[in-house]
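Novice: next comes the sequence, and after it the predicted model I'd like to discuss.
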Amino acid sequence: MKVYFIGAGPGATDLITLRGANILGRVPMVLYAGSLVPAAMLVHCRADAEIFDTAALDLEQQEACYRRAQLEDFDVARLHSGDPAIYGATAEQMRRLELLGIEYEVVPGVSSFSAAAAVVKAELTKPEVSQTVILTRVSGRASAVPEAEAIEKLAQHKATMCIFLSGPHLKKIVADLRLHYPDDTPVRLVYRATWPEEKTYEGTLGTIIKDTKRGEWSLTTMMLVGAALGNGAQVESRLYDKDYSHIFRVVKKRKQKEVAQKSVEDNAQDGKKELV
Ligand SMILES: C[S@@+](CC[C@H](N)C(=O)[O-])C[C@H]1O[C@@H](n2cnc3c(N)ncnc32)[C@H](O)[C@@H]1O
């Protein structure tokens, strides 16, 4: 018997991994985070699977499901939104499984920050602009953020930031970011990336508050901020530069050198032949 923590991805039913979908297709019990994972995702489950929405269950009730599966010896899939490693509340479940002696495995998923970047067609890391992505959130009732990781402290790096659970806290987040980022710093909001009701906002730290209404962006919003999202100062990576060699292209250069060397030798041979 085994529990599989599976990343469901951001919402679209074809953004779960093949491995995750295959497990869903064979296990008899599925627990899924219904507040963030759309019910449409259950299309991958066995028709006769027992399905529980964990939004209505506390940890003890979820543990009771795992205990029953252990007793009756069948596998369980625990479906989390995005990637289970990020704000997934998986650690506490894993601790309980370990105490119960239940084996578990994690199947990664497409996190909502990658999905949001894809929706707005952004590269989060641009040469000489930002090579660092900070994934963070504001303090909530369920989990506090350590003081040293407050948004205004992280903002000092001026790196690209992906701010989870941000929708209802835009005013405070923007005020904290503006302590360090200039007002023309690009900002993107993506609500329910890859869901049918997906919507986006594109603006800057200086425009976002006047452009958005209070309460318009709910919890299922990803906020992306940073100079890398804009079109200014475009420096190209050297990775595909024709003069840049690396382990995969050095071979080509060496081959070119070998060919050149061979043709010099052939010419020399031909020269000798002519003399003869
Ligand atoms: C509890 S966290 C779970 C994050 C998830 N594990 C992940 O990797 O995306 C929930 C937050 O993730 C973000 N989120 C999850 N799905 C999203 C989506 N489809 N579009 C935009 N943001 C999303 C929102 O910021 C939401 O408040």
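Specialist: Nice, thanks for sending it over.

Novice: list the contacts of stretch 38-46.
Specialist: For stretch 38-46, contacts defined as Cβ atoms under 8 Å, 6 or more residues apart in numbering pick out 8, 11, 13, 16, 20-21, 24-28, 30, 32, 51, 77, 79, 195. No exception for glycine: its C-beta is placed from N, CA and C like everyone else's.

Novice: let's see that with 10 Å instead.
Specialist: By Cβ atoms under 10 Å, 6 or more residues apart in numbering, the list of residues contacting stretch 38-46 from outside reads 6, 8-16, 20-30, 32, 34, 49, 51, 53, 77, 79, 81, 192, 194-196.

Novice: wait, Ala49 touches Met29, no?
Specialist: Yes - using Cβ atoms under 10 Å, Ala49 is in contact with Met29, at 6.5 Å.

Novice: residues that sit against both of these two, list them.
Specialist: 76-77.

Novice: more neighbours: these two, which one.
Specialist: Met29 (21 against 17; other Cβ atoms under 10 Å).

Novice: which strand residues bridge that one?
Specialist: Per DSSP bridges, the residues bridged to Met29 are Glu50, Val76.

Novice: contacts only, for it.
Specialist: Counting by Cβ under 10 Å, 6+ apart, Met29 makes contact with 3, 45-46, 49-52, 65-66, 68-69, 72, 74-78.

Novice: mind redoing it with 7 Å?
Specialist: Residues in contact with Met29, defined by Cβ atoms under 7 Å, 6 or more residues apart in numbering, are 49-50, 65, 69, 74, 76.

Novice: select only the buried ones of these in PyMOL?
Specialist: Applying 16 or more other Cβ atoms under 10 Å to the contacts of Met29 leaves a buried subset, and the PyMOL line that selects it is:
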select buried, resi 49+50+65+69+76
